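Participant: kindly generate the corresponding structure for this input.
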Amino acid sequence: MINAKPSAVYAQITNCMKHCAMFGDKHISGATSFTKIGNASYLDCESGDKGSLVVTMAQPEKELRLLFEPDNGTYVCGEKWTLTPSGTGTKLNYIQTFTLSGPMDANAVNHCVQIANKGLNDLKMWCEKK
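Facilitator: Model (predicted):
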């Protein structure tokens, strides 16, 4: 639960610079907002991979879907953000899915979870900042 309106949360997750900061990534080129289907940015990810992050679904203040594919084509990472008004705040549901062409060990999975949790905590802090 985030103590901010869906519009404030959506503004944060569709801001490419904020989105990158959440996950330790760096924007290299392309779109700086994720507000329209097809908006694409080229990123240098925390993992060391470079690749494209593309908007596949954008429903303002309700849902955002993004797809990342690294240059080496070894996996695809999808993100689905669903926002639901709840009282004066927003219930946020975040799902991250991976397809891999090779195994991912427990340490790699734990690292991904830690990065996502830190990013979601940062998002909550940014949205609730008075």
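
Participant: tell me who's in contact with Gly51.
Facilitator: Going by C-beta atoms under 8 Å, 6 or more residues apart in numbering, Gly51 touches 42-43, 45, 68-71. From N, CA and C alone the C-beta is placed, and that goes for glycine too.

Participant: helix, strand, or coil at Gln114?
Facilitator: Three-state assignment for Gln114 (DSSP: H, G, I helix; E, B strand; the rest coil): helix.

Participant: ok so, going back, most neighbours among the contacts of Gly51, please name it.
Facilitator: Counting neighbours by other C-beta atoms under 10 Å, the top entry in these is Leu43, with 23 neighbours.

Participant: how about it, phi and psi?
Facilitator: Here is the backbone geometry of Leu43 (degrees, to the nearest 10): phi -120, psi 160.

Participant: the strands in this protein, which residues?
Facilitator: 26-30, 40-44, 50-59, 63-70, 75-86, 89-100 (DSSP state E).

Participant: of the contacts of Gly51, closest to Lys80?
Facilitator: Proximity of the contacts of Gly51 to Lys80 (C-beta to C-beta) peaks at Phe68, which lies at 12.6 Å.

Participant: beta partners for the closest one?
Facilitator: Phe68 has the following beta-bridge partners by DSSP bridges: Leu53, Cys77.

Participant: list the contacts for the closest residue to Thr14 other than its chain neighbours?
Facilitator: Once flanking residues are discounted, Thr14 sits nearest to Phe34: 4.4 Å by C-beta to C-beta, 6 or more residues apart in numbering. When contacts are counted by C-beta under 8 Å, 6+ apart, Phe34 touches 13-16, 19, 41, 53, 55, 58, 64, 66.

Participant: with distance to Cys112, pLDDT and neighbour count added, can I get those in JSON lines?
Facilitator: Shown next, in JSON lines, are those (distance: C-beta to C-beta, whole Å; pLDDT from 0 to 100; neighbours: other C-beta atoms under 10 Å):
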{"residue": "Ile13", "distance to Cys112": "18", "pLDDT": "97", "neighbour count": "20"}
{"residue": "Thr14", "distance to Cys112": "22", "pLDDT": "97", "neighbour count": "23"}
{"residue": "Asn15", "distance to Cys112": "22", "pLDDT": "96", "neighbour count": "17"}
{"residue": "Cys16", "distance to Cys112": "20", "pLDDT": "96", "neighbour count": "20"}
{"residue": "His19", "distance to Cys112": "16", "pLDDT": "94", "neighbour count": "24"}
{"residue": "Ser41", "distance to Cys112": "20", "pLDDT": "97", "neighbour count": "24"}
{"residue": "Leu53", "distance to Cys112": "16", "pLDDT": "97", "neighbour count": "24"}
{"residue": "Val55", "distance to Cys112": "21", "pLDDT": "98", "neighbour count": "20"}
{"residue": "Ala58", "distance to Cys112": "24", "pLDDT": "98", "neighbour count": "20"}
{"residue": "Leu64", "distance to Cys112": "19", "pLDDT": "98", "neighbour count": "24"}
{"residue": "Leu66", "distance to Cys112": "15", "pLDDT": "98", "neighbour count": "23"}
